[in-house]
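**Q** no letters, just coordinates:
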């Protein structure tokens, strides 16, 4: 007797789970206080009546449109969300960032960076400098002009030269050359703003810098499936997109607030993203065969004046040591990130180089030499970031006698005895000149040894915390 052919049977549970996913995401928005119109609920579940192979096929065009609108809406909240639903345009202006979103088709004239957005009536032009941290000096950031026009306007947008199928994201790369600012004000905000689009966006890089693309192009390629548009390549070009985002969201110094990010991404998620981008080998410090330490050696200011003795001490404790003195290797971020990732401990004086702690494997240690007058910045910029990324943070706070400022100003000068007074009396610029530009350090190696031994103990104790 022939066996009856097996029949493919689908249980109800997987189907119900798939159908419930939109409800889950929309429910999150509801509990966050965002009102969702009934028609958006209905549109999200819209499918075509097209039949294929006996089944109902989802209309891909409608699906893409709803995916785009749904995720655009998650960039704004409250009144801004209601404005976006009602008019197709909204700008979110927070303490730090300024982001304008359009879920309507836009026309972009790159010669003067004008974005034309259709509207029921002509509205005043909105100018946005597309940089995440708005409290910084924005003189180098070219503004983007958002022009909302009606069908009756006397100045309609020019005809399109290029048609694109995904939203445009416009941001600036003007403020580059320092890894802290590049990560803090461009890369992390770009991740916050676009990760949930699943690479279905296209970047327009205002104030385009080839050096930025050389360094971070691999990051951008993991956030977008499309080539980055350089406006200067064709100043007469007119690009048309189904939607647009101008500007990037910003949360805090080297930080992501998962409760404010569509998709709820966290710093560990960002760390995992970097591992994929740069092909980092070690996810945990216990995978590194031998205790390795990387020392960031500065050549201008904030130098270790007894660096050779420090290197000998590090070796004596039992570390393999890598000393970074050349800027050339640092500019090759793929190579440098892999080098950092191969070490369990990162040591350096307060400065932008400590941003590279984001490449350390989980369970690693970042040792920051906290110079006079850098207490707040040391903990806020780098200590909080280390803790958020499962990296142990050890702070070595120098004594006055270890700072070159004592010899320069005298041991009784308020620069040494009361560093905060420099901030109070002269502001940040005066304090930067003194504490960042004039200060070097001669470490008390007896004291610093204790910190290094603690770091050694942490990374060699695989059950450590």
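**A** Nice, I can see it. Just so we're clear, the structure is a prediction, and the values are computed from it rather than from any experiment.

**Q** what residues are up against residue 453?
**A** By CB atoms under 8 Å, 6 or more residues apart in numbering, residue 453 lies in contact with residue 317. For every residue, glycine as well, the C-beta is placed using N, CA and C.

**Q** quick check: phi and psi at it.
**A** phi -60, psi -40 (degrees, to the nearest 10).

**Q** swap in residue 390?
**A** With angles defined as degrees, to the nearest 10, residue 390 sits at phi 60, psi 40.

**Q** contacts only, for residue 282.
**A** With contacts defined as CB under 8 Å, 6+ apart, residue 282 is in contact with 288, 341, 342, 361.

**Q** count of neighbours near the second one?
**A** Counted with other CB atoms under 10 Å, residues neighbouring residue 341 total 24.

**Q** looks like it contacts residue 357 (just checking).
**A** No: between residue 341 and residue 357 there is no contact under CB atoms under 8 Å: 10.9 Å.

**Q** where are the low-confidence patches of the stretch 1-150 of the chain?
**A** Within the stretch 1-150 of the chain, the ranges that satisfy pLDDT under 70 run 1-60.

**Q** that one: strands as residue ranges?
**A** Assigned strands in the stretch 1-150 of the chain, in chain order: 51-52, 55-56, 89-93, 98-102, 106-109, 114-118, 126-128, 144-149 (criterion: DSSP state E, counting those that start in this stretch).

**Q** can you list the ones you listed in CSV and add mean neighbour count and distance to residue 269?
**A** What follows is the strands of the stretch 1-150 of the chain, written out as CSV (neighbours: other CB atoms under 10 Å; distance: least, CB to CB, whole Å):
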stretch, mean neighbour count, distance to residue 269
strand 51-52, 8, 37
strand 55-56, 9, 35
strand 89-93, 19, 22
strand 98-102, 25, 21
strand 106-109, 22, 30
strand 114-118, 22, 30
strand 126-128, 17, 28
strand 144-149, 20, 29
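
**Q** which residue comes closest to residue 346 once chain neighbours are left out?
**A** residue 366 (4.9 Å; CB to CB, 6 or more residues apart in numbering).

**Q** what about that neighbour, distance to residue 353?
**A** Distance of residue 366 to residue 353, computed by CB to CB, to the nearest Å: 11 Å.

**Q** who's more crowded, these two?
**A** The residue with more neighbours, out of residue 366 and residue 353, is residue 366; 25 against 20, by other CB under 10 Å.

**Q** list the buried ones in stretch 225-240?
**A** Of all the residues in stretch 225-240, those buried under the rule 16 or more other CB atoms under 10 Å are 226, 228, 229, 230, 231, 238, 239, 240.

**Q** an error on my part: the question was meant for stretch 171-191.
**A** Applying a neighbour-count criterion of 16+ other CB under 10 Å, one finds 171-176, 179-191 buried in stretch 171-191.

**Q** okay, how far is it across it, tip to tip?
**A** With CA to CA, to the nearest Å applied, stretch 171-191 spans 12 Å between its terminal residues.

**Q** gap between that stretch and the chain center?
**A** Mean-position distance between stretch 171-191 and its chain equals 7 Å (CA atoms, centre = their mean, to the nearest Å).

**Q** what's near enough to touch the residue nearest the centre of the chain?
**A** In the chain, the C-alpha nearest the mean C-alpha coordinate belongs to residue 188, at 0.3 Å (CA atoms, centre = their mean). Applying CB under 8 Å, 6+ apart, one finds that residue 188 lies in contact with 251, 254, 255, 256, 270.

**Q** out of the residues you listed, the closest to residue 396 would be?
**A** Within those, proximity to residue 396 (CB to CB) peaks at residue 254, which comes in at 20.1 Å.

**Q** ok, the closest one - contacts?
**A** Going by CB under 8 Å, 6+ apart, residue 254 touches 180, 183, 184, 188, 355, 358, 381, 382, 384, 385.

**Q** which residue, other than its chain neighbours, is closest to the first one?
**A** Pointing back at residue 180 there. Counting by CB to CB, 6+ apart, residue 180 lies nearest to residue 352, which is 3.9 Å off, once chain neighbours are set aside.

**Q** ok, now how distant is that neighbour from residue 247?
**A** Distance of residue 352 to residue 247, given as CB to CB: 24 Å.

**Q** and if you look at residue 109?
**A** Note on residue 109: its distance to residue 247, by CB to CB, is 18 Å.

**Q** repeat that for residue 132.
**A** According to CB to CB, residue 132 stands 7 Å off from residue 247.

**Q** between those two, which contacts overlap?
**A** By the contact definition CB under 8 Å, 6+ apart, residue 132 and residue 247 are jointly contacted by 97, 171.

**Q** all strands for the stretch 201-350 of the chain, in order.
**A** Ranges of strands in the stretch 201-350 of the chain, per DSSP E, counting those that start in this stretch, are 202-206, 238-241, 244-246, 292-296, 320-324, 345-349.

**Q** so how far is the first residue of stretch 370-377 from its last?
**A** 9 Å.

**Q** same question for that stretch: list its buried residues.
**A** Within stretch 370-377, the residues that count as buried by 16+ other CB under 10 Å are 370, 371, 372, 373, 374, 375, 377.

**Q** was I right about the third one contacting residue 439?
**A** By that I understand residue 372. Yes: applying CB under 8 Å, one finds residue 372 in contact with residue 439, separated by 6.5 Å.

**Q** what's the overlap in contacts for those two?
**A** Shared contacts of residue 372 and residue 439 (CB under 8 Å, 6+ apart): 403, 405.

**Q** list the residues that contact the closest residue to residue 350 other than its chain neighbours.
**A** Leaving aside its sequence neighbours, residue 350 sits nearest to residue 374 (CB to CB, 6+ apart; 4.4 Å). Residue 374 is in contact with 350, 435, 436, counting by CB under 8 Å, 6+ apart.

**Q** from residue 429, how far off is the last one?
**A** Read it as residue 436. With CB to CB as the criterion, residue 436 and residue 429 are 11 Å apart.

**Q** of these two, give the one with the bigger neighbour count.
**A** residue 436 (17 against 7).

**Q** and the end-to-end length of stretch 67-80?
**A** Rule used - CA to CA; the end-to-end distance of stretch 67-80 is 19 Å.

**Q** report the distance from it to the chain centre.
**A** Its chain's C-alpha centre and that of stretch 67-80 lie 20 Å apart, by CA atoms, centre = their mean.
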